[in-house]
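K.L.:
Sequence isn't available, so here's the structure alone:
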Ligand SMILES: O=P(O)(O)OC[C@H]1O[C@H](OP(=O)(O)OP(=O)(O)O)[C@H](O)[C@@H]1O
Ligand SMILES: NC(=O)CC[C@H](N)C(=O)O
Ligand SMILES: [Mg+2]
């Protein structure tokens, strides 16, 4: 998952973009970038690392201008090379930069077409560079010196016709403004907000999650609809238009399970409330399956499961205790590249408080079990800390299928639940009891708020992909290209550089 942000303001946007990216850091820890423009020149800084490591004072000083976009990256295509950090840039037409959250499922075909038919060279394996070039080509075809809003919207319509998969995008057209759009299924989130400057003029922000808006003092106006585009000119004039022929809203349910911050509201659904409900339905399942349970204490596996675990304990009427303390300086382990790093980080990140475990039957709660890295380590830690029985509950159903829409789960064989029954998984993780949320319950937890949501993108649980273009051949190719071993073969153990020379990076 990546985080995207774009601002059109009446004063310099560098600090607000930086702040918004730190608020969206949970969506991508691999790389960060900001591009701004002033007087028809753009200023770009991007590199691998966390926001605080990529931008130093000297970079911030150079990022001048009242319009800009930013990105935090968690790679799902190409490599972790800094050359694939975003925003991407293409010089023609107008000088366009682009930040993308999601993953294109037809990037290979598009890349070939771009070269053979559109005579455009793609220099990386990033699907986002492909997306940028499709948008640029469609704008260029219109051949205008000054693009109008109609031309920009028609280029977005053409992107919808050519691109498949998931994309929430913010592009900046140097000298003109920023345009944000969402794929016709609205798989990845994007919303926009406004605030009034001291001189009374309107300022706008587009972002992946509403929390980025509220943290920067913007008021949420609304979510961008699936297929819709929002174009904000440099003077603050805002236009919106539906650019897809047949849009449907199928947001990714995993945003509510894990990715998004609890204080965000996505497509009108509060992530916090959804997670509370997940705890509630989990507790009801415990009571259904084992009314005479002997759970002494419910313990969350920080961070994401906290909200659900708290509510589960409340509904069960048992104690809720912080049995694991999280090292605040270690980031999210699931979105780290490479299994070795993830495994090591679980131990560095979480440490038990023995007295909460000693002699007790503990119910450990996590939001999800994906590769099983966290739960295997945690169950053992609970036993080492003296627990009598270790039960484990996941607020999401078993994750059995790869994700192709912006979550880095490319390989079914790396998923602990793939081809395994719940009983087999229980044995693998060494728990005394393993309980998963039912999919129907999970869907109920996020539904009933927004009638525009026609359904949820639940492919990691069901193997059904809403874009309808994902077949076994595609999944096999993805598995071959992106399984952990393969990625490290091609990118090196540090995964910091795969030899692609980056054309656009600012000097350090
Ligand atoms: O089964 P796994 O492959 O281990 O993946 C699932 C775990 O990874 C995530 O935690 P993460 O540390 O990324 O983030 P968090 O601190 O937000 O919970 C998620 O919350 C689970 O704990
Ligand atoms: N997680 C994402 O949204 C990734 C965006 C893009 N596919 C990349 O790999 O950079
Ligand atoms: Mg976690």
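P.N.:
On my side now, so go ahead. Quick caveat, the model's predicted, so the values are computed rather than measured. Ligands and ions are numbered 1, 2, ... in the order given.
K.L.:
quick one: the strands in the stretch 201-350 of the chain?
P.N.:
Taking DSSP state E, counting those that start in this stretch, the strands of the stretch 201-350 of the chain run over residues 202-207, 219-223, 228-233, 238-242, 265-266, 269-270, 297-300, 319-320, 324-326, 350-352.
K.L.:
now for these, which one comes closest to ligand 2?
P.N.:
Of all the strands of the stretch 201-350 of the chain, the one in closest proximity to ligand 2, counting by C-beta to the nearest ligand atom, is strand 202-207 (13.9 Å). The C-beta positions use only the backbone N, C-alpha and C, and glycine is treated the same way.
K.L.:
quick one on the thing from earlier: now for the strands of the stretch 201-350 of the chain, which one comes closest to residue 398?
P.N.:
For residue 398, the closest of the strands of the stretch 201-350 of the chain is strand 297-300, at 19.7 Å, according to C-beta to C-beta.
K.L.:
Just give the strands next to that closest one in its sheet, each with its orientation.
P.N.:
According to DSSP bridges, strand 297-300 has the following sheet partners: strand 319-320 (parallel), strand 361-366 (parallel).
K.L.:
ok, the longest helix along the chain near ligand 1 or not?
P.N.:
Ranked by residue count under DSSP state H, the longest helix found in the chain is helix 271-289. No: Helix 271-289 lies out of reach of ligand 1 by C-beta under 6 Å from any ligand atom, never closer than 11.2 Å.
K.L.:
what angle do that helix and strand 361-366 make?
P.N.:
Helix 271-289 and strand 361-366 are oriented at 140 degrees to each other (axes from the mean of the first three to the mean of the last three C-alpha atoms, to 10 degrees).
K.L.:
For residue 422, see how far away the residue of the stretch 1-150 of the chain found nearest ligand 1 is.
P.N.:
Closest contact between the stretch 1-150 of the chain and ligand 1, by C-beta to the nearest ligand atom, is at residue 26 (6.6 Å). From residue 26 across to residue 422, the span is 29 Å (C-beta to C-beta, to the nearest Å).
K.L.:
Between those two, tell me which one has more neighbours.
P.N.:
Neighbour count, other C-beta atoms under 10 Å: between residue 26 and residue 422, residue 26 has more, with 22 against 14.
K.L.:
Isn't the more buried one up against residue 332?
P.N.:
Yes: assessed by C-beta atoms under 8 Å, residue 26 is found in contact with residue 332 at 6.3 Å.
K.L.:
partner strands of whichever helix or strand residue 166 is part of, parallel or antiparallel?
P.N.:
According to DSSP states H and E, residue 166 maps onto strand 165-173. The sheet places strand 165-173 alongside strand 96-104 (antiparallel), strand 177-182 (antiparallel), with pairing taken from DSSP bridges.
K.L.:
Go ahead and report the secondary structure state at the residue of the stretch 401-508 of the chain found nearest ligand 2.
P.N.:
Among all residues of the stretch 401-508 of the chain, residue 406 sits closest to ligand 2, at 3.9 Å; criterion: C-beta to the nearest ligand atom. Secondary structure, DSSP: H, G, I helix; E, B strand; the rest coil: residue 406 is coil.
K.L.:
what about the residue of the stretch 1-150 of the chain closest to ligand 1, distance to ligand 2?
P.N.:
Separation of residue 26 from ligand 2 (C-beta to the nearest ligand atom, to the nearest Å): 12 Å.
K.L.:
dump the residue contacts of that residue.
P.N.:
3, 259, 261, 332 (C-beta atoms under 8 Å, 6 or more residues apart in numbering).
K.L.:
Could you give the number of residues near the last one?
P.N.:
The reference is to residue 332. Residues lying near residue 332 (other C-beta under 10 Å) number 19.
K.L.:
one step back: quick one, which of the strands paired with strand 297-300 is nearest to ligand 1?
P.N.:
Proximity to ligand 1 (C-beta to the nearest ligand atom) singles out strand 361-366 among these, at 4.6 Å.
K.L.:
Next, format the strands of the stretch 201-350 of the chain as a markdown table and append mean neighbour count, mean pLDDT and distance to residue 41.
P.N.:
Listed next are the strands of the stretch 201-350 of the chain as a markdown table, based on neighbours: other C-beta atoms under 10 Å; pLDDT from 0 to 100; distance: least, C-beta to C-beta, whole Å:
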| stretch | mean neighbour count | mean pLDDT | distance to residue 41 |
| --- | --- | --- | --- |
| strand 202-207 | 26 | 98 | 21 |
| strand 219-223 | 17 | 98 | 30 |
| strand 228-233 | 24 | 98 | 18 |
| strand 238-242 | 17 | 98 | 24 |
| strand 265-266 | 24 | 98 | 35 |
| strand 269-270 | 20 | 98 | 41 |
| strand 297-300 | 26 | 98 | 49 |
| strand 319-320 | 16 | 98 | 54 |
| strand 324-326 | 16 | 95 | 43 |
| strand 350-352 | 18 | 94 | 47 |
